[in-house]
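Colleague: What follows is a predicted protein model with its sequence.
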Amino acid sequence: MPAGRPIALAAVATALTLLTACGHEPLKQGTVKDKRGHAAYRTPTYTDTYRDTNCRTVTTNALTLSSFSGRTTGGTGGFSKSKPAPPAKKPAAPAAPQKKNRHRIKQVCDRVRVSHRQTGWHWTPAHWELKLKQGKRTEWVTVNQTTWEHARIDHKIKL
């Protein structure tokens with residue numbers, strides 16, 4: 001066994017002891033400050049089926065989409081064109097070679113829901129909590145329904 005291994009194990013054990021000592025137990029008694037909870041319930045789950053209609057081809061200017069967003073005209077039929085920039089006072093020499101306007105062509109369709117079928121149920125279990133305060137500590141504690149129903153705000157309780 002290497003000489004450094006027992007020291008490393010002791011250091012890990014000490015660190016774990018300190019970490020568990022810093023954690024605290026959930027409150028088992030205190031003054032009830034608030035209550036929250038809900039009974040169990042189920043909600044239906046659905047599956048929708050869609051059909052594409054009114055398909056059309058849309059051509060957009062790539063420059064419009066990236067550089068001039070918000071400064072476009074049109075909009076009906078899916079076409080976009082950029083407004084021309086105001087003329088410069090004196091022409092400047094181009095710093096980089098000019099790129100051609102690139103157009104993007106894509107198919108756009110409207111979706112229409114054809115069916116809406118129930119496929120099952122989602123179950124949400126009951127959940128009952130009390131907000132307990134003991135000294136400076138305040139935290140939510142999960143309890144059963146009977147304890148939750150009998151607990152009153154600003155009354156002391158022991159779980």
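Modeller: Perfect, thanks for sending it.
Colleague: For Thr43, grab the count of nearby residues.
Modeller: If you count neighbours by other C-beta atoms under 10 Å, Thr43 ends up with 9. (Each C-beta comes from the backbone N, C-alpha and C, glycine too.)
Colleague: ok, now how distant is it from Trp123?
Modeller: Counting by C-beta to C-beta, to the nearest Å, the separation of Thr43 from Trp123 is 9 Å.
Colleague: Can you list the low-confidence ranges for this structure?
Modeller: Low-confidence segments of the chain (pLDDT under 70): 1-6, 8-23, 62-101.
Colleague: which residues of it fall in helices?
Modeller: Using DSSP state H, the helices of the chain run over residues 4-22, 62-66, 145-150.
Colleague: so how far is Ile105 from Arg111?
Modeller: 20 Å.
Colleague: Who are the contact partners of the residue lying closest to Lys35 once chain neighbours are set aside?
Modeller: Leaving aside its sequence neighbours, Lys35 sits nearest to Leu130 (C-beta to C-beta, 6 or more residues apart in numbering; 5.7 Å). Neighbouring residues of Leu130 by C-beta atoms under 8 Å, 6 or more residues apart in numbering: Val32, Asp34, Lys35, Trp140, Val141, Val143, Thr147, Trp148, Ala151, Ile157.
Colleague: PyMOL command for the buried members of the residues you listed?
Modeller: Here is the PyMOL command that picks out the buried ones among the contacts of Leu130, judged by 16 or more other C-beta atoms under 10 Å:
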select buried, resi 32+35+141+143+148+151+157
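Colleague: mind listing which of the contacts of Leu130 are in strands?
Modeller: Cross-referencing the contacts of Leu130 against strands under DSSP state E gives Val32, Asp34, Lys35, Trp140, Val141, Ile157.
Colleague: Pull the contacting residues for the fifth one.
Modeller: Contacts here follow C-beta under 8 Å, 6+ apart; on that basis Val141 touches Pro26, Leu27, Glu129, Leu130, Lys131, Leu132, Leu159.
Colleague: ok, of these, which one's closest to Thr49?
Modeller: Glu129 (40.0 Å; C-beta to C-beta).
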